Every structure is written in structure tokens, then in C-alpha cells.
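Participant: What follows is a predicted structure for the sequence shown.
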Amino acid sequence: MTEKKLTPKQLEKYKNLLLKERDEAQKMISTIDEMQKKGSKDSSGDLSSYSIHQADLGTDTINAEKNVYHLNRCIEKVKNINQALHRIHDETYGLCEMCGAVIPSKRLNVLPFAKQCIDCKSKSEEKQRRNR
């Protein structure tokens, strides 16, 4: 299962895929940001949309926490994509940061901003679990 270094055509394909995913993540960030700014109060200033009942307040809180969680995930994804685009520019894209092996295209098709091959990622995650 030895793959060769990515061709310029493959790099262009992954670059386009990364740019598309980054655009989608940035749109999601904007959407979540708008929802957070708007809050449960509508833009007209009507206070009737504010929750009065404790259960409604709890639901609003959970929804706000979900939005923050999704926002953080999108921000992290954009960061990872930008790093992958930088690796394409540096001609290190598709190479495992730990062992230097070529990351299989099957992995890059699923996770185009992958930094590690499957074996190294598994070892890294196992080490993290043991250190907890």
C-alpha cells in the first residue's frame, strides 16, 4: 500500500476541495454569529420573545451552548483548512507530520486537512487516552 507523492493535479483537486469546505464553514460561522447577535429577542426590539418560564430559559441556554459548540468546531475547521492550504503551498501536503509517510488518498478524500496517516493518528489518540 505504498502511494507516491501527490501529483500537481491531485494537489489542485484537494486545494479546491479545501477552499470549498472553508467557504462552507465560514458561512456557517456567519450564520451562527448572526443567531448569537440576534439572540432570542427579534430585531424589532420586541421583548415578548424572551423566555419567562424556567424550562424555556433552560431551552434557550442549551440552544446557545449548542451554537457556541458548533461555532468553535467551525472555527477549528477553518484553522485546520488554512494549515492544509499552507502545506499545499509548502509542498508538504499529504505527508504525515509524524512519520513523513504519504497519507493515503482515501483518508484525504474523507478528511482533506488530515495531518497524520491513520497509524500515527491512532498512536497519538491512544497516547492521549493513557495520559488522561
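Facilitator: The structure has been received and is ready for your questions. Numbering: from 1, shown residues only.

Participant: How many residues are close by residue 92?
Facilitator: 14 (other Cβ atoms under 10 Å). All C-beta spots, glycine's among them, are computed from the backbone N, C-alpha and C.

Participant: Against which helices or strands is the helix or strand containing residue 20 packed?
Facilitator: Here residue 20 sits within helix 8-38, counting by DSSP states H and E. Packing contacts for helix 8-38, counted by 3 or more Cβ pairs under 8 Å, 6 or more residues apart in numbering; DSSP states H and E, involve helix 54-89.

Participant: Please identify the buried residues of the helix it packs on?
Facilitator: 71, 74, 77, 78, 80, 81, 84, 85, 87, 88 (16 or more other Cβ atoms under 10 Å).

Participant: contacting residues around the second one?
Facilitator: Going by Cβ atoms under 8 Å, 6 or more residues apart in numbering, residue 74 touches 25, 26, 28, 29, 32.

Participant: ok, now how distant is the nearest residue to the second one once chain neighbours are set aside from residue 25?
Facilitator: Meaning residue 26. Closest residue to residue 26 apart from its sequence neighbours, by Cβ to Cβ, 6 or more residues apart in numbering: residue 78 at 6.3 Å. Going from residue 78 to residue 25 by Cβ to Cβ, to the nearest Å gives 5 Å.
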